[in-house]
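Chemist: Just need the structure, nothing else, for what follows:
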Amino acid sequence: MGDAAGRPAAGGDDPATAAARRLGARMTAQLDRQATALLGGDRAGFLAVAEPAARSDLTRRYAALRALRVTVWRPAADGVPTAVDGHPGEWRLTVTVGYCFVLPGCTPSSVEIGTRWRLVGEEPRLLAVEESRAKPAGARPWEVSDLAVAVGKRSVVATTPALRAKLPGLLAQAEAAAAVADSYAVAGSPPDRYLVFYAGRTEWRRWYGGGRPKWTAGYAVGVGGGHHDIVLNAQSVTPTGVDDLLRHELTHAASLPDRGYSDRSSWWLVEGLAEYAGADGQPVGRYEGLAEVRTLVHGGWNGRLDSLAPADDAADTRVGGSYGVGYLAVRHLVDRYGEPRVLDFFRAVVHEHRSLDDAADRVFGERWPALHDD
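Modeler: Prediction:
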C-alpha cells in the first residue's frame, strides 16, 4: 500500500523541512560564490551576494582576510535555515568555515558563524554576518577589526592600523622565536605558520572573547586543524620582554594538542616547558623570576606541582613565582634526562592523558613521587 495522501515517505522530510533544505542550498550556493570571489581577489563579487546594510562589515572582513593572505575558504551549512522571530521574511543559517592563511595546503582551521538572510523574490540575500562566539576561541581578529599584516617565512604578525609601525620589529622577533619553538613540536611537524596578533587595549578585551586574567601578557588559543593563534597584550609587553614572551607563546602553539589542555594539575608542565623555551638556554641564575620563586616557596605554597596554577585574580608575585617554579621543575628534568625524554614525558602527559606516575615510569624509568620530591 502507498503512503496516505500528504504524509511524507518513510525517512523523508515534511514539506516545511524540505522547503527549508532547498532554501539552505540556495544560501550555501551564494556563500560558495562569495568564497570564490574572496580567493580570487574580487571584492565586488564578494559583496554582490549581500544587502547594502551588510556591506560595510563585509568590506572590512574582506580586507582583513586578504591581508592575511587567505588561501582556503570553505563554508558549509550546519543545518537548515530557521526563521528569525519578530522579523518576517528573515532567516538565520549557521555556517562552519574551514580556512587557511598563506599556505593553500594547510589543515584548515575552522570557525562557526551565524549568517542572516532576507529573501528578495526567490533569491536569498545576505543581511548580516555575526561574529563567532563559540568557545574556546570566540571572535577572531579578522572578524571584528581592521588589520595591518606582515608575513615572514615562519610567522605572520597582525595588528590594528594604529600600531602598524610595530610590525617590522615584531615580525623579526617572531621569526627568531619560531626557530626556537619549532624544536618543541612534540607530536609531529611544527606549525606551518605561527599566527601572532598584537592587541591594543580595545582589541585585548574583544579578540577571542577577551576576559583573560588581568596578569596575562599573552596567550595561545586553539582554532582547529592543529593551529593555535597567539595574542600579545600591547599594554603589558615590555620592549625587553617581547622575545621571551614570543618564544613562550609560540612554544605553546608548537607543543599543545589541537584542543589545548584542561587538566590544571599539569599546568606546571605546560607553562614550565614554555618558560624553558622562553629562557632559550640562559643560565638558571639569570632567570628573572627567581625572587618571586623564593617568595612563593617561603609564603605558604604547599610544595605540590599539581597545585601550582595561579588563580585568575592572583597577585603578580604569586603568578611570577608559579611560572618560575614550573620553569625550574622542567629545567631540572632536562638537566637530568635531556630534552628528548622530557618532550616524550610532555607528550605522554599532555597529549596522551597518561598519569604522571605512568608517564614517569614509561619515559624515565622512575617513580613520580620520588621525582616530584627531587
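Chemist: Secondary structure element holding Ala134?
Modeler: If you go by DSSP states H and E, Ala134 is not part of any helix or strand.
Chemist: With Thr240 instead?
Modeler: Going by DSSP H and E, Thr240 is not in any helix or strand.
Chemist: Sketch out the low-pLDDT regions of the protein for me.
Modeler: For the chain, the stretches with pLDDT under 70 are 1-12, 135-136.
Chemist: what about the longest helix in it?
Modeler: Across the chain, the longest stretch assigned as helix under DSSP state H is helix 15-40.
Chemist: Now that helix: buried residues?
Modeler: In terms of neighbour count (16 or more other C-beta atoms under 10 Å), helix 15-40 has its buried residues at 20, 23-24, 27-28, 30-31, 34-35, 37-39. C-betas here are computed from N, CA, C, even on glycine.
Chemist: Over to stretch 210-227?
Modeler: Using 16+ other C-beta under 10 Å as the test for burial, stretch 210-227 gives 212, 215, 217-227.
Chemist: Among these, which lie within strands?
Modeler: 218-224, 227 (DSSP state E).
Chemist: from the residues you listed, which two are the most distant?
Modeler: Greatest spacing in these, by C-beta to C-beta: Gly218 and Gly224 (20.2 Å).
Chemist: Next, give phi and psi for Val156.
Modeler: The phi/psi pair for Val156 (degrees, to the nearest 10) reads phi -130, psi 130.
Chemist: now the angle from the helix or strand encompassing Thr96 to strand 218-224?
Modeler: Counting by DSSP H and E, the element that carries Thr96 is strand 90-101. Orientation of strand 90-101 against strand 218-224 (axes from the mean of the first three to the mean of the last three C-alpha atoms, to 10 degrees) gives an angle of 110 degrees.
Chemist: now for strand 90-101, which elements pack on it?
Modeler: Counting contacts by 3 or more C-beta pairs under 8 Å, 6 or more residues apart in numbering; DSSP states H and E, strand 90-101 packs against helix 15-40, strand 70-77, strand 82-83, strand 109-120.
Chemist: Indicate which one of those is closest to Ala309.
Modeler: Of the helices and strands packed on strand 90-101, nearest to Ala309 by C-beta to C-beta is strand 109-120, at 27.0 Å.
Chemist: For the closest one, which strands pair with it and how are they oriented?
Modeler: strand 90-101 (antiparallel), strand 123-129 (antiparallel) (DSSP bridges).
Chemist: Would you convert these into a markdown table that also reports mean neighbour count and distance to Tyr194?
Modeler: Below are the strands paired with strand 109-120 laid out as a markdown table (neighbours: other C-beta atoms under 10 Å; distance: least, C-beta to C-beta, whole Å):
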| stretch | mean neighbour count | distance to Tyr194 |
| --- | --- | --- |
| strand 90-101 | 20 | 11 |
| strand 123-129 | 19 | 27 |
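Chemist: would you list those in CSV and tack on distance to Ala176?
Modeler: Shown next, in CSV, are these (distance: least, C-beta to C-beta, whole Å):
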stretch, distance to Ala176
strand 90-101, 21
strand 123-129, 37
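Chemist: do you know which of those strands lies nearest Ala50?
Modeler: Ala50 lies closest to strand 123-129 among the strands paired with strand 109-120, at 4.1 Å (C-beta to C-beta).
Chemist: tell me the angle of the closest one relative to helix 15-40?
Modeler: Relative orientation of strand 123-129 versus helix 15-40 (the same axes, to 10 degrees): 70 degrees.
Chemist: domains of this protein?
Modeler: Using automatic domain parsing, the domain parsing of the chain gives 17-130, 136-258, 261-374.
Chemist: and among these, the most buried is which?
Modeler: Ranked by mean neighbour count under mean count of other C-beta atoms under 10 Å, the domains of the chain are led by domain 136-258, which reaches a mean of 19.
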